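Q: Predicted structure and sequence below. I'll ask about it afterward.
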Amino acid sequence: MKKYIKTACDKNIGILTLNRPEVLNALNREMAEEIVSALEHFDQDDSVRVIVITGSGKAFAAGADISEMVNDDAISLELLNQFAVWDRISLIKKPVLAAVHGFALGGGFELALSCDLIFASEQVQLGFPEIKLGVMPGAGGTQRLTKSMGKAKALEWLWTGDTMGAKEALQYGVINRIIPEEVLLDETLGFAEKLTKQAPLSLRLIKEAVNKAVDTSIYEGMQFERKNFYLLFSSLDQKEGMQAFLEKRLPKFEGR
Ligand code: DAK
């Protein structure tokens with residue numbers, strides 16, 4: 001039984017709902033553990049092909065729980081080593097989609113940026129207000145925002161701590177789509193369902209190769225991509241996919 005999140009599985013989609021609405025889903029340490037272990041559980045579950053993260057109430061997540069951090073110091077944080085939990089998110093192999101509404105701030109924005117795709121509502125407010133607390137993002141915010149919007153724009157948002165609206169976020173490639181809030185989750189689940197029909201091994205190896213492209217030179221990335229391309233040719237789904245094309249029928253993928 002989870003205290004701060006809810007999980008469900010429907011049509012091969014694992015749905016993780018942040019569920020601490022009374023504090024706008026502020027992420028405390030126990031909640032971070034719950035999120036990461038639920039993601040890992042979905043990643044291992046053969047009935048799940050795509051994962052969707054959403055927030056209950058008025059927000060996706062308004063950041064890490066400030067009441068929990070207020071008395072931290074550098075040594076207590078070093079000894080806690082709480083980022084080790086967060087780092088495990090980047091090891092999730094299946095596609096992870098974020099359906100983001102209301103506020104996604106600080107650690108909440110970092111959680112969204114750790115997802116592969118972000119679908120956001122029209123009224124979303126994204127940002128890193130850490131500077132207003134005298135700190136800075138620590139769970140990948142400076143890195144991920146800079147990779148997605150470039151140095152100059154990222155610095156502007158990180159230095160001001162201002163929130164970014166949906167249109168700006170879309171313009172700078174931070175989010176994938178803007179969707180009216182009342183249908184945000186349904187449309188995200190609809191897109192996720194489309195992905196559940198794709199070859200699961202291709203999905204995960206494409207994700208791995210694209211992430212490599214973000215982190216390595218084009219040459220290294222392409223070598224890596226090539227290995228994953230070859231690897232897919234040892235799957236049954238490659239045989240099925242190509243055979244189905246030649247037989248002019250829809251493929252039936254099994255993830256093997
Ligand atoms: N922490 C704790 N409580 C929060 C919270 C937060 N981040 N955000 C909101 N709340 C609580 C409020 O205190 C309030 O509680 P009550 O007073 O009702 O008991 C309730 O949620 C509703 O919030 P408001 O009354 O303030 O609602 P408003 O609509 O007026 O304002 C707001 C919404 C989002 C503008 C405002 O709540 C706000 O500014 N919140 C703080 C935003 C913020 O500074 N976030 C960044 C926090 S620093 C890590 C990972 C990541 C991080 C750190 C560690 N590890 C994995 C190690 C990242 C750090 C951060 O995120």
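A: Received the coordinates, thanks.
Q: which residue is nearest the middle of the chain?
A: C115 (1.2 Å; CA atoms, centre = their mean).
Q: isn't that one right next to I92, touching?
A: No. Counting by CB atoms under 8 Å, C115 does not reach I92; the two are 9.3 Å apart. Using the backbone N, CA and C atoms, a C-beta is placed for each residue, glycine as well.
Q: ok so, going back, could I get the pLDDT score of the residue nearest to the centre of the chain?
A: The model reports C115 with a pLDDT of 98.
Q: list the contacts for it?
A: Residues near C115 by CB atoms under 8 Å, 6 or more residues apart in numbering: 53, 96-98.
Q: give me that answer again for 10 Å
A: Each residue near C115 by CB atoms under 10 Å, 6 or more residues apart in numbering is listed here: 39, 51-53, 89, 92, 95-100, 176.
Q: which residues of the stretch 1-150 of the chain fall in helices?
A: Shown for the stretch 1-150 of the chain, the helices assigned by DSSP state H, counting those that start in this stretch span residues 29-44, 66-69, 74-80, 83-87, 107-114, 141-149.
Q: What segments of this structure are strands?
A: Under the criterion DSSP state E, the chain carries strands at the ranges 5-10, 13-18, 50-55, 96-100, 103-105, 117-121, 125-127, 163-164, 177-179.
Q: for the contacts of C115, which one is nearest A32?
A: I89 (9.5 Å; CB to CB).
Q: roughly how far apart are the closest one and E40?
A: 9 Å (CB to CB, to the nearest Å).
Q: Of these two, give the one with the bigger neighbour count.
A: Taking neighbours as other CB atoms under 10 Å, I89 and E40 compare with I89 leading, 20 against 14.
Q: which ones are touching the residue nearest to I35 when sequence neighbours are not counted?
A: Spatial nearest neighbour of I35, chain neighbours left out: I5 (6.0 Å); criterion: CB to CB, 6 or more residues apart in numbering. Each residue near I5 by CB under 10 Å, 6+ apart is listed here: 16-20, 25, 31, 34-35, 37-38, 53, 55-56.
Q: Distance to G140, neighbour count and pLDDT for these - can I get that in a markdown table?
A: Below are those laid out as a markdown table (distance: CB to CB, whole Å; neighbours: other CB atoms under 10 Å; pLDDT from 0 to 100):
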| residue | distance to G140 | neighbour count | pLDDT |
| --- | --- | --- | --- |
| L16 | 18 | 23 | 98 |
| T17 | 22 | 20 | 98 |
| L18 | 18 | 25 | 98 |
| N19 | 23 | 19 | 98 |
| R20 | 21 | 21 | 98 |
| N25 | 18 | 29 | 98 |
| M31 | 17 | 23 | 98 |
| E34 | 19 | 21 | 98 |
| I35 | 14 | 24 | 98 |
| S37 | 19 | 14 | 98 |
| A38 | 19 | 20 | 98 |
| I53 | 15 | 27 | 99 |
| G55 | 19 | 29 | 98 |
| S56 | 24 | 14 | 98 |
